[in-house]
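Asker: Requesting a structural model of the entry that follows:
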Amino acid sequence: MKIEDLLNRFALSFKFKSIAFLKYSIRLYHKYRANMI
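Answerer: Take a look at the predicted model:
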């Protein structure tokens, strides 16, 4: 297994996790805003 393949796989998983985290935080933010009003 090449180092480039390992780096690409790591970058893809990191990108996927960061996108999922962004969606989750946005959902939490909207829930918080709805409770404030």
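
Asker: Please count neighbours and contacts with C-alpha atoms only from this point.
Answerer: OK.

Asker: Check which residues of stretch 14-24 are buried.
Answerer: Residues of stretch 14-24 classed as buried: none (neighbour count, 16 or more other C-alpha atoms under 10 Å).

Asker: Could I get the average pLDDT for that stretch?
Answerer: Here stretch 14-24 scores 96 as its mean pLDDT.

Asker: That one: how far from the chain's middle?
Answerer: 1 Å (C-alpha atoms, centre = their mean, to the nearest Å).

Asker: next one: stretch 24-35
Answerer: For stretch 24-35, the distance to the chain centre is 16 Å (C-alpha atoms, centre = their mean).

Asker: One more: stretch 20-37?
Answerer: Chain-centre distance of stretch 20-37: 14 Å, with C-alpha atoms, centre = their mean.

Asker: who's in contact with it?
Answerer: Stretch 20-37 is contacted by no other residue when judged by C-alpha atoms under 8 Å, 6 or more residues apart in numbering.

Asker: So which residues of this structure form helices?
Answerer: 3-36 (DSSP state H).

Asker: State the distance from the residue nearest to the spatial centre of the chain to Ser25.
Answerer: What sits nearest the mean C-alpha location of the chain, by C-alpha atoms, centre = their mean, is Ser18, with 2.2 Å. Remark: distance between Ser18 and Ser25 (C-alpha to C-alpha, to the nearest Å) = 10 Å.
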